[in-house]
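1. can you look at this prediction? I've put the sequence above it.
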Amino acid sequence: MITDSLQITSIQAVLRIVSLVYFGFSWVNKQMIEAVFEVKVETFILVGDSAGGNLVCGLTYWLIESKKQLPKFLSLCYPAMYLRPDSYSPSMLYALDDLFMNYSALRGVISSYLNEDDKPNEDPYISPAVIDDPDVIAQMPKTIVYVGTHDPLFDDAVRFVAKLRLTNQQNQWASLHDII
């Protein structure tokens, strides 16, 4: 139980969530796949949609830093790559006319996710697209990013894909697909 005397910053919460995702995967692998089905998992992929894409990238970053087994492939659908409440990009203008995820809703989601002390412009667990270490980027698995050209998250996805492509690794690729 978390009390008022025990404060957990959101970065600790994010790291806790990322590690819980990893431990959840490990548990499913050991307790279900290996124990019940008697199959050993040698490779795996990670798939995430929107905030799930953010979490998948954060988990992959954590796996790289922890020197643990990496997924063979990432599939990201409309990933939330930059969680900066003060950022604007041309594609963000689409949120002004979006009935489902309008600008106010986007700001509200970001604001509820971040604490005042968080630094989304610097923290790759909060904003995976701020990963700048070329060695880390080069270790990212093959990645495909699906995002519509009229999506408020389009520009951030393009920037992330551009970073992946800068490593120019033969075993790595990233692409954008227009989904309407």
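-> Arrived safely.

2. please count neighbours and contacts with C-alpha atoms only from this point.
-> Fine.

3. could you pull out the strands for this protein?
-> 45-49, 73-77, 142-146, 176-177 (DSSP state E).

4. turn those into a markdown table, columns for mean pLDDT.
-> Output for the strands of the chain, formatted as a markdown table (pLDDT from 0 to 100):
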| stretch | mean pLDDT |
| --- | --- |
| strand 45-49 | 91 |
| strand 73-77 | 91 |
| strand 142-146 | 88 |
| strand 176-177 | 62 |
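
5. would you mind giving the ones you listed as JSON lines with distance to A162 and mean neighbour count added?
-> Listed next are the strands of the chain as JSON lines, based on distance: least, CA to CA, whole Å; neighbours: other CA atoms under 10 Å:
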{"stretch": "strand 45-49", "distance to A162": "19", "mean neighbour count": "17"}
{"stretch": "strand 73-77", "distance to A162": "15", "mean neighbour count": "22"}
{"stretch": "strand 142-146", "distance to A162": "11", "mean neighbour count": "20"}
{"stretch": "strand 176-177", "distance to A162": "10", "mean neighbour count": "14"}
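
6. export these as TSV, with columns for distance to V39.
-> Output for the strands of the chain, formatted as TSV (distance: least, CA to CA, whole Å):
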stretch	distance to V39
strand 45-49	16
strand 73-77	20
strand 142-146	24
strand 176-177	34
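
7. residue contacts, the residue nearest the centre of the chain?
-> Nearest residue to the geometric centre of the chain (CA atoms, centre = their mean): N54, 2.0 Å. Neighbouring residues of N54 by CA atoms under 8 Å, 6 or more residues apart in numbering: G48, P79, A80, M81, I126, S127, P128.
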